[in-house]
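Novice: build me a model:
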Amino acid sequence: MSGKNNSKLRLTHQAFVLGLFDTGLAVIRSLGKYGIPVTGLDYDPKMPGFRSRYCTARLFPNPIHKPEETLDFLLHEGKKRADHGILLPTTDAFVLFVSRYRDALKEYFRFNLPASDIVESIADKRRQYELAKKSDVPCPRAFFPESASDVELFKNKIDYPAIVKGCYSYQWQAKFPQIKGFKVHDPRELEKKIKELLPFRIKVLVQSIIPGANTNHYKVCAYINGQGKTLALFVLQKIRQYPVEFGVGTCVESVRSDELIRLGMQFFDDIGYRGIGSIEFKKDERDGKFKLIELNPRYWQQNDHALACGIDFPLIQYADLTGQDPVPQLHYRTGVKWLDPMSDFQSFLDHRRNGRLSFGKWLSSLRGTRAFSSWSLNDPGPMLKSIEYGWKIIKAPLYIMKKSMKKAGLE
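Specialist: Residues are numbered from 1 along each chain as shown. This next block holds a predicted model:
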């Protein structure tokens, strides 16, 4: 939305951003810089959004473990205000919470989510896979074992290597916060891994890995209003991710692909999707086809990347939810990059260790960066928190490097 249009918007409704990781931080900054009153809520005080000057940040009950307390907290806040508050959930757990308690929340808040059954189906990767098959969206073959004996039925039918990961992302992250999935190379490894995971009592899926580099990953991002009209559209390509094999984008670039837009919007349309969402695809180097990785019914970590390219997703959603009929924003600048500096440095180290990337080529690949994760000179608090955290990450490899140089007589 242009600055001229922004000046005409009514900006008085309180926005409640649920989740203060980088994802929520970008939403906070987008709205807060226009003077929109923003309350940021999270149950983890270590999240960078607690340091932002653009919101009033408050600790909040965990929506998974204490949903009734979470509901009471929000209803208490909602009753204080003459106008409806605007709810913007930015994590899977918060999306599920708002969806499951939508009837109670809608008296005091406005939000835009898919229908309850769609939210539940998307949150469960098994049901999401079934939706994709019905929509005829290409996706790698998947199986959903519930016991060790189930593995016998498909262990010789799946293409290896394969990945074992959780059906519910938030449950998996609670058990394995740093691991997106486990790679298995043959039936024997698969059987062993499933037996190891059974005691955790979490639903898992086994899926063939789509071969290809980090740059084969893409996201189609959209905001669809309550009447099914697309008000914002954006496509990005990963340059690198971390962890390198199964990770989150650390350096991404805006691109335009009519084929990806067609596939993504086909899936959104077929399931009657509403609200904010991103669909990740990976290009299969064997047949050149884009295949579904997952649909996430929320903002993505790099959502301020779209803002650097000319599309302000949070402001468009805010305008829509406050009844201000925003103009659709479907065109954007391409070739613009977003960077998570600390995580991308880790990705570079892994790529270099495997002989895939030199220091010079890594530096060159950063050209065109216009947006960062938590980094902002106008809002330095989260950036300082990020530096503090990042230093802890890189201190160990730097120590090892220094020790090796000393041993080799180079120091």
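Novice: now the host helix or strand of residue 278: buried residues?
Specialist: Assigning secondary structure by DSSP states H and E places residue 278 in strand 275-283. Of the residues in strand 275-283, those with enough neighbours to count as buried (16 or more other C-beta atoms under 10 Å) are 275, 276, 277, 278, 279, 280, 281, 282, 283. Just so you know, the C-beta spots here come from the backbone N, C-alpha and C atoms, and that holds for glycine as well.
Novice: which helix or strand contains residue 231?
Specialist: Remark: residue 231 resides in strand 230-242, with elements defined by DSSP H and E.
Novice: quick one: list the elements packing against that strand.
Specialist: Under the contact criterion of 3 or more C-beta pairs under 8 Å, 6 or more residues apart in numbering; DSSP states H and E, strand 230-242 touches strand 217-224, strand 248-254, helix 258-270, helix 303-308, helix 313-321, helix 341-353.
Novice: looking at the ones you listed, spot the one closest to residue 32.
Specialist: With distances scored as C-beta to C-beta, the stretch of these nearest to residue 32 is helix 313-321 (9.7 Å).
Novice: who are the packing partners of the closest one?
Specialist: So helix 313-321, by 3+ C-beta pairs under 8 Å, 6+ apart, packs with helix 22-32, strand 85-89, strand 217-224, strand 230-242, helix 303-308.
Novice: please report how far the most centrally placed residue in the chain lies from residue 66.
Specialist: For the chain, the residue nearest the mean C-alpha position is residue 300 (3.3 Å; C-alpha atoms, centre = their mean). Separation of residue 300 from residue 66 (C-beta to C-beta, to the nearest Å): 26 Å.
Novice: domain map for the protein?
Specialist: Using automatic domain parsing, the domains assigned to the chain come out as 3-121+213-339, 141-208.
Novice: pick the most buried one from those.
Specialist: When the domains of the chain are scored by mean count of other C-beta atoms under 10 Å, the highest mean neighbour count falls to domain 3-121+213-339 (a mean of 20).
Novice: quick one: distance of that one to the chain centre.
Specialist: When distances are taken as C-alpha atoms, centre = their mean, to the nearest Å, domain 3-121+213-339 is centred 9 Å away from the chain's centroid.
Novice: now do the strands in the stretch 51-200 of the chain.
Specialist: Per DSSP state E, counting those that start in this stretch, the stretch 51-200 of the chain carries strands over the ranges 56-59, 85-89, 109-110, 142-143, 162-166, 182-184.
Novice: for those, give me TSV that also has mean pLDDT and distance to residue 209.
Specialist: Formatted as TSV, the strands of the stretch 51-200 of the chain follow (pLDDT from 0 to 100; distance: least, C-beta to C-beta, whole Å):
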stretch	mean pLDDT	distance to residue 209
strand 56-59	97	39
strand 85-89	98	30
strand 109-110	98	41
strand 142-143	95	11
strand 162-166	96	5
strand 182-184	96	7
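Novice: looking at these, which is nearest to residue 36?
Specialist: Across the strands of the stretch 51-200 of the chain, the minimum distance to residue 36, taken as C-beta to C-beta, is reached by strand 85-89, at 8.7 Å.
Novice: partners of the closest one, with directions?
Specialist: strand 15-18 (parallel), strand 109-110 (parallel) (DSSP bridges).
Novice: distance to residue 42 added to these, as CSV?
Specialist: As requested, the strands paired with strand 85-89 are exported to CSV (distance: least, C-beta to C-beta, whole Å):
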stretch, distance to residue 42
strand 15-18, 8
strand 109-110, 17
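Novice: ok, residue 43 touching residue 62?
Specialist: Yes - look at residue 43 against residue 62 with C-beta atoms under 8 Å: they come within range, at 4.4 Å.
Novice: point out where the stretch 51-200 of the chain drops to low pLDDT.
Specialist: Along the stretch 51-200 of the chain, no part satisfies pLDDT under 70.
Novice: pull the contacting residues for residue 279.
Specialist: Neighbour list for residue 279: 219, 220, 221, 263, 264, 267, 268, 292, 294, 295, 296 [criterion: C-beta atoms under 8 Å, 6 or more residues apart in numbering].
Novice: these: which two are farthest apart?
Specialist: The largest separation in the contacts of residue 279, counting by C-beta to C-beta, is between 263 and 296 at 15.7 Å.
Novice: just to revisit the earlier point, could you export the contacts of residue 279 as a markdown table, including distance to residue 238 and pLDDT?
Specialist: As requested, the contacts of residue 279 are exported to a markdown table (distance: C-beta to C-beta, whole Å; pLDDT from 0 to 100):
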| residue | distance to residue 238 | pLDDT |
| --- | --- | --- |
| 219 | 8 | 98 |
| 220 | 13 | 98 |
| 221 | 13 | 98 |
| 263 | 17 | 97 |
| 264 | 15 | 98 |
| 267 | 19 | 98 |
| 268 | 21 | 98 |
| 292 | 15 | 97 |
| 294 | 14 | 95 |
| 295 | 17 | 97 |
| 296 | 15 | 96 |
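Novice: ok, those vs residue 306, which is closest?
Specialist: residue 221 (6.7 Å).
Novice: beta partners for that closest one?
Specialist: In this structure, residue 221 has the following beta-bridge partners (DSSP bridges): residue 234, residue 278.
Novice: wait, it sits on residue 300?
Specialist: Yes - under the criterion of C-beta under 8 Å, residue 221 makes contact with residue 300 at 6.3 Å.
Novice: quick check: neighbours shared by these two?
Specialist: Common neighbours of residue 221 and residue 300, counting by C-beta under 8 Å, 6+ apart, are residue 278.
Novice: re the thing from before, so which of the helices and strands packed on strand 230-242 gets nearest residue 73?
Specialist: Nearest to residue 73 among these is helix 313-321; the distance by C-beta to C-beta comes to 20.5 Å.
Novice: just after the closest one, pick out the following helix or strand.
Specialist: Reading on from helix 313-321 to the C-terminus, the next helix or strand found by DSSP H and E is strand 337-339.
Novice: mind listing what that following strand pairs with, with the direction of each?
Specialist: Under the criterion DSSP bridges, the sheet neighbours of strand 337-339 are strand 248-254 (antiparallel), strand 369-372 (parallel).
Novice: that older thread, can you tell me which of the domains of the chain comes nearest to residue 346?
Specialist: Go through the domains of the chain one by one with C-beta to C-beta and the one that ends up closest to residue 346 is domain 3-121+213-339, at 5.1 Å.
Novice: many thanks, we can stop here.
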